[in-house]
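In: prediction below, plus the sequence it came from.
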Amino acid sequence: MTHRDPFADGLLAGVLVGGASRRMGRPKHLLAHPAGGTFLEYAVGLTRVVTPRTVILGAGAELPPALAGLPRLADTVAGAGPLAGLCSLLAEARRGWALLLACDMPRLEVATLRALLDAVRGCPNPDSVEAVAFVETRGGRRRYHACCALYRATLGTCAQDVLHAAGGRMGALLERTRLLALTPSPAQITQLENVNTPEDYARIGSIS
């Protein structure tokens with residue numbers, strides 16, 4: 001029996017650039033990536049492997065010249081964090097799925113993004129899934145990697161409710177969804193680490 005591709009209605013990727021970068025002291029999306037270009041160019045390069053449709057989430061931030069033509073979406077609420085960017089992404093996606101990606105994971109690999117998509121494709125009932133994310137359990141607490149995750153576009157209303165009623169926590173949204181939780185491998189945990197400070201940035205120089 002042939003199953004319908006769960007991404008037949010489209011996959012829209014959105015890369016977040018709207019953060020204040022207070023701990024870094026300068027815009028993280030413009031940091032030079034050891035493999036060439038900027039953090040943002042690296043992230044967009046990853047999304048372009050899995051979907052032809054990518055947008056930048058966050059208005060006002062300077063973009064590298066190579067990405068100046070990409071569509072941009074302003075956050076639904078300025079300064080409200082990644083959930084506000086996700087709300088804009090889900091509204092633009094309309095139907096199908098959206099891939100949310102932070103720009104500050106310079107070790108991330110395409111295979112990890114494909115693992116998210118393959119999890120949906122391999123699900124016996126893909127229509128029962130509303131989100132897919134890597135989840136770690138540490139000390140009895142769950143850590144959601146919500147900014148490298150898939151979201152069904154129909155979550156838009158729920159995301160707006162969480163944005164306004166639950167302090168804008170991405171984890172609060174995932175806790176309200178029919179979540180397909182993936183346990184990351186040690187290599188994937190490393191890939192999902194964010195670069196937040198100059199010290200973090202200094203440690204990525206060995207990437208090639």
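Out: Nice, thanks for sending it over.

In: C-alpha only now, for contacts and for neighbours.
Out: Will do.

In: hang on, Val50 packs against Ala115?
Out: No - using CA atoms under 8 Å, Val50 makes no contact with Ala115, being 10.8 Å away.

In: touching the longest strand along the chain from outside, list them.
Out: Identified as the longest strand of the chain according to DSSP state E is strand 141-152. By CA atoms under 8 Å, 6 or more residues apart in numbering, the list of residues contacting strand 141-152 from outside reads 82, 90, 95-102, 113, 116-117, 129-137, 170-171, 174, 192.

In: now, of these, which are buried?
Out: 82, 90, 95-102, 113, 116-117, 130-136, 170-171, 174, 192 (16 or more other CA atoms under 10 Å).

In: give me the neighbour count for Val162.
Out: 20 (other CA atoms under 10 Å).

In: kindly indicate whether it is helix, strand or coil.
Out: Secondary structure for Val162, judged by DSSP: H, G, I helix; E, B strand; the rest coil, is helix.

In: check what pLDDT it gets.
Out: Reported pLDDT at Val162 in the predicted model: 94.

In: what distance do you get for it to Gly122?
Out: Using CA to CA, to the nearest Å, Val162 is found at 29 Å from Gly122.

In: give me the pLDDT value at the residue minimising distance to the centre of the chain.
Out: The centroid of the chain falls nearest to Leu101 when counting by CA atoms, centre = their mean (2.1 Å). On pLDDT, Leu101 comes in at 98.

In: Gly167 now?
Out: Looking at Gly167, the pLDDT reads 69.

In: related to what we said a few turns ago, does the residue nearest to the centre of the chain belong to a helix or a strand, and which?
Out: Element membership for Leu101, per DSSP states H and E: strand 97-102.

In: helix/strand/coil for Arg107?
Out: Classification of Arg107 using three-state DSSP returns coil.

In: also the one 10 residues further on?
Out: In three-state terms, and counting by three-state DSSP, Leu117 is helix.

In: skipping adjacent residues, who's closest to it in space?
Out: Distances taken as CA to CA, 6 or more residues apart in numbering put Leu150 closest to Leu117, at 7.8 Å, once the chain neighbours are dropped.

In: next: Leu63.
Out: Once flanking residues are discounted, Leu63 sits nearest to Leu30: 7.5 Å by CA to CA, 6+ apart.
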